[in-house]
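Trainee: sequence first, then the predicted structure, then my questions.
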Number of protein chains: 2
Amino acid sequence: MFPRGNREGVEMADMQQAYNVYEDRCPTRLVLDRLADKWAVLILDRLQGGPVRFNHIRRDIKGISQKVLAQTLRKLERNGLISRTIFPTVPVTVEYALTPLGSTLTDTVSALAHWAEKNMDAIFAAQRAYDEAHPG
Amino acid sequence: MFPRGNREGVEMADMQQAYNVYEDRCPTRLVLDRLADKWAVLILDRLQGGPVRFNHIRRDIKGISQKVLAQTLRKLERNGLISRTIFPTVPVTVEYALTPLGSTLTDTVSALAHWAEKNMDAIFAAQRAYDEAHPG
DNA sequence: GGAAGATAGTTTCCAATAGATACCAAGGAG
DNA sequence: CTCCTTGGTATCTATTGGAAACTATCTTCC
């Protein structure tokens, strides 16, 4: 079903834990490519409160360009993590929302964002120490 | 201390939750830039079992190039998440290990990697559905 | 004695991506 | 008529990512 190397003699029923993030060509890696991305993390975190419109996200997440926002939203939609709903208002309204699958991910993603907030001071201290020790 | 906009009249002691990932120029975002990265996630997850050497990581994480591995390790070291220890053996041995700070992160990071493994089938199903619905 | 292999990287080059900016259509407000 | 809104796409450039070759030192193989 998935493009993985067929271990000779191993039954499919026995391969429940056969996927391995460390393996190249393993489809898990294709998934990780799409999740481990700064903008995706921020967007998923932003959608936790309920559906949000395109330009609303754009204004909230400071510094994201329209192109990258559109690209990232397509990616997340294609992977079934968010839904895209068009309302035929004038001008047209497009709402993005977490799917049930996306909701199962946001806990982890938010934990990452919050870890960054909480440990930022330690990280900047480490950076200063590193830069002093490595002047080159 | 950090390059953030100074909210007028707000005391530093009251700014415990002043950092906000959605804000541009907020240093949290600089942190997230370095964490939300496919290779960093894989490396941190790989180091959970104890110290590992450069070429060992390289062999385990299939598909990573030497350049990107070296760059990512430097990045993680500079941010205080991993340590780098040189042993004057012949040939020289370099061991990378999680710091205490890095250890606080690996739970979150591993959760991300495991979410990817667990929900991969749902994601690939969503991709097929999307690609059928959007032939363009 | 010379070649190969291990260590941990750096260097070089090309393709892919990210970001900034401009532009599009359809209307509503002033 | 002009500017503003909606949600994007098109274009151009700067940065990054990946593949491959190269560095240097020492050990082992034949």
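Mentor: Here it is on my side, so go on.
Trainee: contacts only, for the residue most central in space within chain A.
Mentor: By Cα atoms, centre = their mean, chain A has its centre lying nearest to A:Leu35, at 3.2 Å. Contacts for A:Leu35 (Cβ atoms under 8 Å, 6 or more residues apart in numbering or on different chains) come out as A:Val41, A:Leu105, A:Val109, B:Leu112, B:Trp115, B:Ala116. C-beta coordinates here come from the backbone N, C-alpha and C atoms, glycine included.
Trainee: just the pLDDT at it, thanks.
Mentor: At A:Leu35, the predicted lDDT confidence score is 78.
Trainee: before we move on, what about A:Arg46?
Mentor: 92.
Trainee: measure A:Gln66 to A:Arg59 for me?
Mentor: Taking Cβ to Cβ, to the nearest Å as the measure, A:Gln66 and A:Arg59 are separated by 11 Å.
Trainee: A:Asn20 too?
Mentor: A:Asn20 is 41 Å from A:Arg59, by Cβ to Cβ.
Trainee: between those two, which one's more packed in?
Mentor: Shown here are A:Asn20 and A:Arg59; by other Cβ atoms under 10 Å in any protein chain shown, A:Asn20 has more neighbours (14 against 11).
Trainee: A strand includes that one, no?
Mentor: No: read with DSSP: H, G, I helix; E, B strand; the rest coil, A:Asn20 is coil and lies in no strand.
Trainee: shouldn't it be in contact with A:Leu32?
Mentor: No: A:Asn20 is beyond contact range of A:Leu32, at 11.7 Å (criterion: Cβ atoms under 8 Å).
Trainee: do stretch A:67-85 and DNA strand C meet at all?
Mentor: Yes: between stretch A:67-85 and DNA strand C, judged by Cβ under 7 Å from any atom of the strand, the touching residues are A:Lys67, A:Val68, A:Gln71.
Trainee: for A:His84, name its beta-bridge partners.
Mentor: His isn't right for residue A:84; it's Arg. A:Tyr96 (DSSP bridges).
Trainee: and it, how far from B:Val90?
Mentor: From A:Arg84 to B:Val90 the distance is 59 Å (Cβ to Cβ).
Trainee: which of those two has more neighbours?
Mentor: More neighbours surround A:Arg84 than the other of A:Arg84 and B:Val90, with 13 against 5 (other Cβ under 10 Å).
Trainee: please report how far that one lies from chain B.
Mentor: 10 Å (Cβ to the nearest Cβ, to the nearest Å).
Trainee: ok, then the element right after the helix ranked longest in chain A?
Mentor: Determined from DSSP state H, the single longest helix within chain A is helix A:100-118. As assigned by DSSP states H and E, the chain's next helix or strand after helix A:100-118 is helix A:120-133.
Trainee: show me where chain A dips below the pLDDT cut-off.
Mentor: Chain A contains residues with pLDDT under 70 at A:1-19, A:24-27, A:136.
Trainee: where does it come near DNA strand D, residue by residue?
Mentor: Residues of chain A lying near DNA strand D (Cβ under 7 Å from any atom of the strand): A:53-56, A:66-67, A:70, A:73, A:84, A:91-94.
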